[in-house]
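Asks: generate coordinates for the sequence data below:
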Amino acid sequence: MLSEALAALAASGGTALVGAMATDAWTVTRAGVSRLLKHVGPGRRDAIEAQLDANVALVERAHDPEQARQALAPVWQLQLTQLLEEHPELETALVDLTTAIQAALPAQHQQWVQTNIARDNSRLFAVQGGNVFYHEAPPPAGQERPSSPE
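Replies: Predicted coordinates:
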């Protein structure tokens, strides 16, 4: 199980990675991920790199590339989580890669990269460039809504 900090790093790295897909930042991103994967062995490295290439193609062909990126972000968060679980010594390398990706992203994609993490049964509301509308149904008759810890 990863620490909260490493889990947040995996989330941030996964979001940055998919944010770079099908952008001018992809060359920097692909090379950095390839360097990061040198620790996983050639068979797994080839499989992950093939998955990367296939995912970039999905984003390029998607009618809505942003929606495709949003769908792929959890996949790459999981990939990076597993990598950090197996190789926690890669933390610094992933921080450096995430920073390099974010710096290389075109301005319109730098805003796309956002990491929001909710823990311990908490609620998190986040939005970029829009509004949040929240509606909660009343509890069933005879039941009370659990109170929030303060």
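Asks: show me the shaky parts of this protein.
Replies: Counting by pLDDT under 70, the chain contains low-confidence ranges at 108-139, 145-150.
Asks: quick one, longest helix in it?
Replies: helix 65-86 (DSSP state H).
Asks: what comes up buried for it?
Replies: 65, 68, 69, 72, 73, 76, 77, 79, 80, 81, 83, 84 (16 or more other C-beta atoms under 10 Å). No exception for glycine: its C-beta is placed from N, CA and C like everyone else's.
Asks: who's in contact with the last one?
Replies: Read that as residue 84. 2, 6, 9, 10, 90, 91, 94 (C-beta atoms under 8 Å, 6 or more residues apart in numbering).
Asks: quick one: it and residue 4, what's the gap?
Replies: Going from residue 84 to residue 4 by C-beta to C-beta, to the nearest Å gives 12 Å.
Asks: ditto for the fourth one
Replies: Relative to residue 4, residue 72 is positioned 23 Å away (criterion: C-beta to C-beta).
Asks: same question for the nearest residue to residue 20 once chain neighbours are set aside, what's its three-state structure.
Replies: Residue nearest to residue 20 in three dimensions, not counting chain neighbours: residue 29, with 4.0 Å by C-beta to C-beta, 6 or more residues apart in numbering. Recorded secondary structure, residue 29: helix (DSSP: H, G, I helix; E, B strand; the rest coil).
Asks: same check, this time on residue 142
Replies: coil.
Asks: is there a neighbour count for it? I'd like the number.
Replies: 5 (other C-beta atoms under 10 Å).
Asks: got phi/psi on it?
Replies: Dihedral pair for residue 142: phi 90, psi -10, per degrees, to the nearest 10.
Asks: please apply the same query to residue 141.
Replies: phi -50, psi 130.
Asks: repeat that for residue 87.
Replies: Dihedral angles for residue 87 - degrees, to the nearest 10 - are phi -140, psi 70.
Asks: show the contacting residues for the residue nearest to it when sequence neighbours are not counted.
Replies: What sits nearest to residue 87 in space, not counting adjacent residues and going by C-beta to C-beta, 6+ apart, is residue 39, at 5.1 Å. Applying C-beta under 8 Å, 6+ apart to residue 39 gives the contacts 83, 87, 90.
Asks: related to what we said a few turns ago, in helices only, show me the contacts of residue 84.
Replies: 6, 9, 10, 91, 94.
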